[in-house]
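>>> show me the folded form of this:
(chains A, B, C and D, ligands or ions: 2)
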Amino acid sequence: MSDTYTLYNSTVMDHFMNPRNMGDLKDADGIGEVGAAACGDIMKISLKIKDGKIEDARFKTFGCGSAIASSSMATELIKGRTVEEAMSFSNQEVVSALGGLPPVKIHCSVLAEEALKAALEDYQKKRPSVPAPSRTTQLQPMAV
Amino acid sequence: MSDTYTLYNSTVMDHFMNPRNMGDLKDADGIGEVGAAACGDIMKISLKIKDGKIEDARFKTFGCGSAIASSSMATELIKGRTVEEAMSFSNQEVVSALGGLPPVKIHCSVLAEEALKAALEDYQKKRPSVPAPSRTTQLQPMAV
Amino acid sequence: MRHVFLDHQSTTPVLPEVFEAMRPYFIEIFGNPSSLHQHGLRVRDAIANARSQFAALINAESADDILFVSGGTEAVNLAVKGVAYANQRKGNHIVVSETEHPSVLSSLEFLEKQGFVTSKVKVNPIGWTDPAEIRAAITDKTTLICVHYANHDIGTIQSIAEIGTIATEKGIPFFVDAVASAGWLPIDVQTMGISLLSLTPHRFYGPKGVGVLYRNRRARLVGVQHGGVQEGGRRAGTENVPSIVGGGLAAEIALREMPIRIAHTAKLQKRLWDGLKNSIPYIKLNGPEPGPQRISTNLNISTEFIEGEGQLLLCDMNGIAVASGSSCVSKSLKISHVLAAIGLDHALAQGNIIMTLGKDNTEEDVDYVVESFQKIVQKLRGMSPMWDEFERGIIDSVIKPAGRGKSFSEHAAAVSGKAAH
Amino acid sequence: MRHVFLDHQSTTPVLPEVFEAMRPYFIEIFGNPSSLHQHGLRVRDAIANARSQFAALINAESADDILFVSGGTEAVNLAVKGVAYANQRKGNHIVVSETEHPSVLSSLEFLEKQGFVTSKVKVNPIGWTDPAEIRAAITDKTTLICVHYANHDIGTIQSIAEIGTIATEKGIPFFVDAVASAGWLPIDVQTMGISLLSLTPHRFYGPKGVGVLYRNRRARLVGVQHGGVQEGGRRAGTENVPSIVGGGLAAEIALREMPIRIAHTAKLQKRLWDGLKNSIPYIKLNGPEPGPQRISTNLNISTEFIEGEGQLLLCDMNGIAVASGSSCVSKSLKISHVLAAIGLDHALAQGNIIMTLGKDNTEEDVDYVVESFQKIVQKLRGMSPMWDEFERGIIDSVIKPAGRGKSFSEHAAAVSGKAAH
Ligand SMILES: Cc1ncc(COP(=O)(O)O)c(C=O)c1O
Ligand SMILES: Cc1ncc(COP(=O)(O)O)c(C=O)c1O
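Ligands and ions are numbered 1, 2, ... in the order given. Reported below is the predicted structural model:
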């Protein structure tokens, strides 16, 4: 076979094969770990925040290719944003940046949003002056 | 295509393609015409009988290949037999002589037996001294 | 000996280019489309392409409206049962024309055992279903209307667009069995108001082993072959990839060549019927005259005083492949229900021959058939007691009654002791 | 890059000689077997020959006991529904093992809506159905017992002959789904007491588009695809002649080569599992150990702390084609019901990978897979929060519990706010 056939588009495959920001952050300012009840995926995002700005982000994901790609993309997108901006982050951004996901895999991008929001919540818990992030979905993320 | 594929075996095909004794007999001593209710076939057998012996037999058939072959074969088999012998003629003889017929076509051989018996009946009606032929099947042939 | 295939209604050979398109999918590209690796993903693309090719043939709104099944019969079964079951809460009544293919009628018989009710709408003597009678048969429990496009036996073209208008107006799903017409008649499911449509490419130079059910998204349908979630959950089972790929290409070619194929077969159809009727007495055309009411590929004739199987066999021995709706030819020993539905005399039904033309038939083929068929009829009439009795004035002709003797059927009933069926 | 196809359970490529056998049936010998002329009669012979070849593969009493359908799924649907409907007056109860293929279970769900009742017999932790439990489930209303021969996911071989003895003793038809085993396990329907058996040649180097239902003459069966009177009235629809012909040859070859194929795959199966378990920690074999209780082609493993789709995709990117029963891989987002039935922890079901061997796999292939898979697991564990948390003692391993931390499932439930399913 000459061509390569893929389940996901090339952007998703690239983020799955070469994930950006994979790992943990030492001394993270906020950590969120969430799970998707639908399929059992688990995603963890760690943030380094300085002067109200996300300086660095890392992820770890137990899940399918699109879950890994979604967390990779989400961390990419979020870096450099203010906490305020990040609070209105939506999974749609991940989907568009990835050039689309199969319908059955959209929940992976939701998981990335949830992990990010959980990390921001965790950050706020430690710094109660910051307002809570807004929710764009119904899922209940949970910080650990 | 090199070979010829046929619905019936080569004996049946031969009797269908080159029927023996096809036609009518002038001044026949007995004529039987019967129809198969099952499929609408019609068969007519004419006999020339002399000194209690079938000297000649002819058929005409409206019906499928196996009906034509059955009447051809039946007239062949019956020629030279005494009326008495002919009275116990059975469709099984036709089937064996033809080397077999598809199950759904066995009724064609029955029709040949019936046509023959009807012709013998017709002959007897004209010569009441001869005993009636024995029936091996339940079908009701009818002389015309 | 010349070989003339005149049984294109039963099946057609695969086009060489269609075979070439299929070839790699047996050995090299052999994957199961459900697999998530290279082998599976690669054939998914091929199947998606075929879906678009079939969608184009019938002008479907979307390739997603094309479901792949194993053949024409399965497409019909899925349409009829799948819609009936899906709408079970709304109603249990189905309106159908009486000359549908057995796949439609037997599916309905099965459903009747489960409490569904069908209304069979009669056809006129050329096999045409009056849309007004379809409308009249509809009740508030009707959940499906089934009318085929062209009849498989006698070639009658039904008034699909008119029936489609009625169905749309009433909001009832309309299923059109186009197995005998797809590839040979233009189809536009959108303008014709068709909700579901069945076809199979082995009727237009594509492979066997695949059928298509078109269904628009407004028509509810549940699967009837259960198992995996192939075809959006509406048809379980590993897809027959090579046939799907080949069928798609056959559909593309059929769409492109349709005008040529129709014109060619229409010309031969006329030549054949003219030749036969001018050289053989007591022969009748069943169904409409060649023209806009009849599919260009089909001729259905009855030769009086002789039976169909004999004609078929002698045609075959002369290199001519034909079919017959006579009872001797059917496995059930019954005449074609279509011939019965148009009220054809039993004697004529017995003498039935069906000749169906294809793109590769020639004028020389047709002339050879006319010449051979004339001799065949002559030979069989020479063997037939009925012809003899007709000539002797004992029985009369149905086709051209001369007012003498009794009818063939009366005669047959008398000699068999039973009415013909 | 090396290419290793390890998904023979999903489908196999057609053998070159099988393709050659099929080739003439597309263009030259294209007839419809229902036709009474040369073209039809010629393919009848070919189909009869294929029937004998399939009969030999399973030692059927007679070639007449072989029915051709469109695939494995249709064979299963016909067996289950066809026997259920045919015996409807005698009873409405069906006994089935809970690890049957979805084609069996979904057919039964459909029947349940129509008033049939099924008893699902549990399997033990390696997926084996105890014949005693089958016996215990039988009632005087039981009209069918369904137990597959080898499981499609975990390769467990069922005690068919023992269940056959029970079925024979009780006079109940016994249907064996052999789609995952025919061609790879010896089958003797006569000595094993099998009344009906399903198979499809695309699992043993034959074509797609054809399935076989064996049924002995004592088993009553009605058709479920309605229409023409093909296959003795039990399966309507124009036959897929090329696939039938090719399938027959594939069956003949499979029978001849079976001992070699079994020995070869059994050796590779052992080498592969040994290689994997020796190089990768926290990996588990699902189903029986390689040996007489497991089909020689199947390995089903769970790699802890990582998910199946990622493993599958990385395998694919390394040229290795595999399958997975994880929920992310299924269209329904559910883990394989077989893994659920053997009580596999959800975390392990998520990490599931199915590798199925074929006759053309080599030892080099196996060694390449072991080497690559080790790296793949390492890469994915490096990305997995679970692996990290396991290493940090927050969660425990299911495969080798160390008595520390909570379980993966507890953890997953905690972070998702819901129990895993
Ligand atoms: C109108 C019509 N519908 C359905 C079918 C069934 O198609 P198949 O035999 O290809 O399954 C046929 C076949 O003759 C047909 O002519
Ligand atoms: C045990 C079993 N039965 C039935 C089937 C259905 O076969 P097919 O997909 O070929 O129709 C499968 C397919 O995976 C199977 O493994």
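>>> and the gap between C:Ala251 and C:Val69?
C:Ala251 sits 15 Å away from C:Val69, going by CB to CB, to the nearest Å. C-beta: built from backbone N, CA, C; applies to glycine.
>>> element containing the spatially most central residue of chain A?
The C-alpha lying nearest the average C-alpha coordinate of chain A belongs to A:Ala112 (CA atoms, centre = their mean; 3.1 Å). Per DSSP states H and E, A:Ala112 falls inside helix A:106-126.
>>> wait, does that helix contact chain C?
No - counting by CB under 8 Å from any CB of the partner chain, chain C has no neighbours in helix A:106-126; the shortest distance is 15.2 Å.
>>> show me which residues of that helix are buried.
Of the residues in helix A:106-126, those with enough neighbours to count as buried (16 or more other CB atoms under 10 Å in any protein chain shown) are A:106-124.
>>> what of stretch C:273-292?
So stretch C:273-292, judged by 16+ other CB under 10 Å, has buried residues C:273, C:275-276, C:280, C:282-288, C:290.
>>> just the residues you listed: which are in helices?
C:273, C:275-276 (DSSP state H).
>>> tell me the one of those nearest ligand 1?
C:Trp273 (20.9 Å; CB to the nearest ligand atom).
>>> let me have the buried residues of stretch C:273-292 in TSV, extended by pLDDT.
Converted to TSV, those look like this (pLDDT from 0 to 100):
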residue	pLDDT
C:Trp273	98
C:Gly275	98
C:Leu276	98
C:Ile280	98
C:Tyr282	97
C:Ile283	98
C:Lys284	97
C:Leu285	98
C:Asn286	98
C:Gly287	98
C:Pro288	98
C:Pro290	98
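>>> just to be sure, C:Gly325 is in a helix?
No - applying DSSP: H, G, I helix; E, B strand; the rest coil, one finds C:Gly325 to be coil, outside a helix.
>>> against C:Thr265, how distant is it?
20 Å.
>>> what is the neighbour count of residue 47?
Just going to use chain A. Residues contacting A:Leu47 under the criterion other CB atoms under 10 Å in any protein chain shown number 25.
>>> actually chain C
18.
>>> please apply the same query to C:Thr129.
By the criterion of other CB under 10 Å, C:Thr129 has 24 neighbours.
>>> before we move on, what about the one 10 residues further on?
The criterion is other CB under 10 Å. On that basis, C:Thr139 has 11 neighbouring residues.
>>> hmm, it is touching C:His93, no?
Yes - counting by CB atoms under 8 Å, C:Thr139 does reach C:His93; the two are 5.3 Å apart.
>>> residue contacts, residue 75?
Just so you know, I chose chain A. A:20-21, A:45, A:57-59 (CB atoms under 8 Å, 6 or more residues apart in numbering or on different chains).
>>> should've been chain C
C:67, C:69, C:179, C:198-200, C:211-213.
>>> strands along chain A, start to end?
A:30-35, A:42-50, A:53-62 (DSSP state E).
>>> cool, and chain C?
C:4-5, C:66-69, C:93-97, C:117-121, C:142-146, C:174-177, C:196-199, C:211-215, C:283-285, C:298-303, C:320-321, C:352-356.
>>> partners of the fourth one in the sheet?
Within its sheet, and counting by DSSP bridges, strand C:117-121 is paired with strand C:93-97 (parallel).
>>> give the buried residues for the partner strand.
C:93-97.
>>> got these as a markdown table, with pLDDT columns?
Listed next are the buried residues of strand C:93-97 as a markdown table, based on pLDDT from 0 to 100:
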| residue | pLDDT |
| --- | --- |
| C:His93 | 98 |
| C:Ile94 | 98 |
| C:Val95 | 98 |
| C:Val96 | 98 |
| C:Ser97 | 98 |
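>>> pick the one among those closest to C:Arg404.
C:Ser97 (37.6 Å; CB to CB).
>>> hang on, the earlier thing: closest to B:Ser10 among the buried residues of strand C:93-97?
For these, the closest approach to B:Ser10 (CB to CB) belongs to C:Ser97, at 43.5 Å.
>>> thinking again about what came up before, C:Gly325 and C:Thr265: who's more crowded?
C:Gly325 (26 against 23).
>>> right, and chain C sits closest to which residue of chain A?
In chain A, the residue that lies nearest chain C is A:Tyr5 (3.7 Å; CB to the nearest CB).
>>> among the strands of chain A, show me which one is buried the most.
strand A:30-35 (a mean of 26; mean count of other CB atoms under 10 Å in any protein chain shown).
>>> can you list the low-confidence ranges for the chain?
Going with chain A. A:1-2, A:37-38, A:128-144 (pLDDT under 70).
>>> hmm, I had chain C in mind actually
C:418-421.
>>> rerun that using 50 as the cut-off
For chain C, the stretches flagged by pLDDT under 50 are C:420-421.
>>> what sits against residue 15?
Using chain A. Going by CB under 8 Å, 6+ apart, A:His15 touches A:68-70, A:72-73, A:98.
>>> let's do chain C instead
By CB under 8 Å, 6+ apart, the contact set of C:Leu15 is C:205-206, C:249-250, C:253.
>>> go with 6 Å
Going by CB atoms under 6 Å, 6 or more residues apart in numbering or on different chains, C:Leu15 touches C:Tyr205.
>>> can you give me phi and psi for it?
Recorded main-chain torsions at C:Leu15 are phi -60, psi 140, according to degrees, to the nearest 10.
>>> tell me, how many residues neighbour C:His337?
17.
>>> meant to ask about A:Asp27, not that
6.
>>> give the bridge partners for the nearest residue to it once chain neighbours are set aside, please.
Nearest-residue entry for A:Asp27: A:Lys48, 7.7 Å, with adjacent residues in sequence omitted and distances by CB to CB, 6 or more residues apart in numbering or on different chains. Beta-bridge partners recorded for A:Lys48 (DSSP bridges): A:Asp56.
>>> how close does A:Lys48 get to ligand 1?
66 Å (CB to the nearest ligand atom, to the nearest Å).
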